[in-house]
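Undergrad: Next input, structure requested:
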Amino acid sequence: MSVIRSVEAFVLRLGKDDGGAARYISAPPVRSVYPSREETLFVRIATDDHVGWGEALTPVAPEAPAAVITHLFAPLLVGTDLAATGVRPVTTLLQASMRERGHLGGHHADAVAGVDIALWDLFGQIHRLPVHQLLGGAYRTEVPLYLTSVAGATPPERAEQAAAARADGFTRMKLHLTTEPRRALETVDAVLGALDDPDAKVAVDAHWVHGQGAASRLGRALDERGAWFFEAPLAPEDLPGHSALAAMLATPVAVGEAMRHRFEFAQWAG
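TA: Below you'll find the predicted structure:
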């Protein structure tokens, strides 16, 4: 049977609770807060015979998209014959359910994403096919990886960690640097010196902390060092500023983490 019988959302907090740490931590000048323990949201959608699982991007307040799934999406989904409808019309319904009220993005979009993954998993279970075949086939059998964070409190510590990562086979890695340009470049130079490898590439993620002047200075210095990419240099909603910055730099400017739907992406890609 392919009729959806239940939709459940499960909030998970991973890691040991030390009992004293605040649940969320701020670290100015970064605007975002971060959890003291890893948080995520799993979605379980079941028919009489099959189960599909999904996960939503919810590092902060996973209870919010969980409430959307439990109170809004579950009643819309239960009773749906997924084999008859397919996944995309169902996901479109969920996206549109609060669209005229201004909730196409944010927690609503995160909830949609978790359910969409679970629906595709369930659809694959029903048809006994991997999802990549349901989507039209795979273009690759391997995916390149990069180290998303080179840890360390000082430039020498990060250089040591970068060298160890290179020894483990990583040739691409990213530095999270939210200090002013001069101090950020001290870390970049230390890491590049430790790698001493023309095949290695280093990116910088600034977490949206800079104004146009500081971002321009840091970007030009990254150009000189052959940086891989420069991520999130300006405020996340500053489309004109990012456009101007990208036009003056050779280093690619990376954005997109704050976007949740095609209308937002269309503005930045246009």
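Undergrad: who touches the nearest residue to M98 once chain neighbours are set aside in this structure?
TA: Using Cβ to Cβ, 6 or more residues apart in numbering and skipping the chain neighbours, the partner closest in space to M98 is H108 (5.5 Å). (Glycine included, C-beta is placed from N, CA and C.) Residues near H108 by Cβ atoms under 8 Å, 6 or more residues apart in numbering: P65, V68, M98.
Undergrad: Check which element follows the helix or strand harbouring H108 along the chain.
TA: Assigned by DSSP states H and E, H108 falls within helix 106-127. Next helix or strand after helix 106-127 toward the C-terminus (DSSP H and E): helix 131-134.
Undergrad: on that earlier part again, most neighbours of all the contacts of H108, which one?
TA: P65 (27 neighbours; other Cβ atoms under 10 Å).
Undergrad: wait, doesn't that one sit right on H103?
TA: No: counting by Cβ atoms under 8 Å, P65 sits too far from H103 to count as a contact (11.2 Å).
Undergrad: follow-up on the earlier one: and the pLDDT at the residue nearest to M98?
TA: Confidence at H108, expressed as pLDDT, is 97.
Undergrad: and if you look at D18?
TA: Model confidence at D18, given as pLDDT, is 71.
Undergrad: From L122, how far out is it?
TA: 37 Å (Cβ to Cβ, to the nearest Å).
Undergrad: okay, these two: which has more neighbours?
TA: L122 (24 against 8).
Undergrad: what's the spacing between the more buried one and L57?
TA: 20 Å.
Undergrad: swap in D197?
TA: 33 Å.
Undergrad: same thing with E157?
TA: Taken as Cβ to Cβ, the span from E157 to L57 is 29 Å.
Undergrad: residues in contact with G219?
TA: Taking Cβ under 8 Å, 6+ apart, one finds F230, P233, L245, M248, L249, T251, V253 in contact with G219.
Undergrad: Verify the assumption that it is located in a helix.
TA: Yes: using DSSP: H, G, I helix; E, B strand; the rest coil, the assignment for G219 is a helix.
Undergrad: Now that we're looking at it, what pLDDT does it have?
TA: The model's pLDDT for G219 equals 98.
Undergrad: cool, and E180?
TA: On the pLDDT scale, E180 gets 95.
Undergrad: separation between it and E186?
TA: From E180 over to E186 (counting by Cβ to Cβ), the distance is 11 Å.
Undergrad: again with H127
TA: 55 Å.
Undergrad: cool, and M248?
TA: Separation of M248 from E186 (Cβ to Cβ): 23 Å.
Undergrad: Looking at these two, which has the bigger crowd around it?
TA: Shown here are M248 and E186; by other Cβ under 10 Å, E186 has more neighbours (16 against 12).
Undergrad: wait, doesn't the more buried one sit right on P155?
TA: Yes: taking contacts as Cβ under 8 Å, E186 lies within contact range of P155: 5.0 Å.
Undergrad: got a winner among the contacts of G219 for most neighbours?
TA: Busiest of those [other Cβ under 10 Å] is P233, holding 29 neighbours.
Undergrad: which ones are touching it?
TA: For P233, the contacting residues are A206, W208, H210, A215, L218, G219, H242, L245, V253, by Cβ under 8 Å, 6+ apart.
Undergrad: and it, what helix or strand is that in?
TA: Judged by DSSP H and E, P233 forms part of no helix or strand.
Undergrad: So which residues of the chain form strands?
TA: Taking DSSP state E as the test, the strands found in the chain are 6-14, 24-26, 33-35, 38-46, 51-56, 172-176, 201-205, 230-231, 253-254.
Undergrad: Against which helices or strands is the fourth one packed?
TA: Read that as strand 38-46. Packed against strand 38-46 by the contact rule (3 or more Cβ pairs under 8 Å, 6 or more residues apart in numbering; DSSP states H and E) you find strand 6-14, strand 51-56, helix 106-127.
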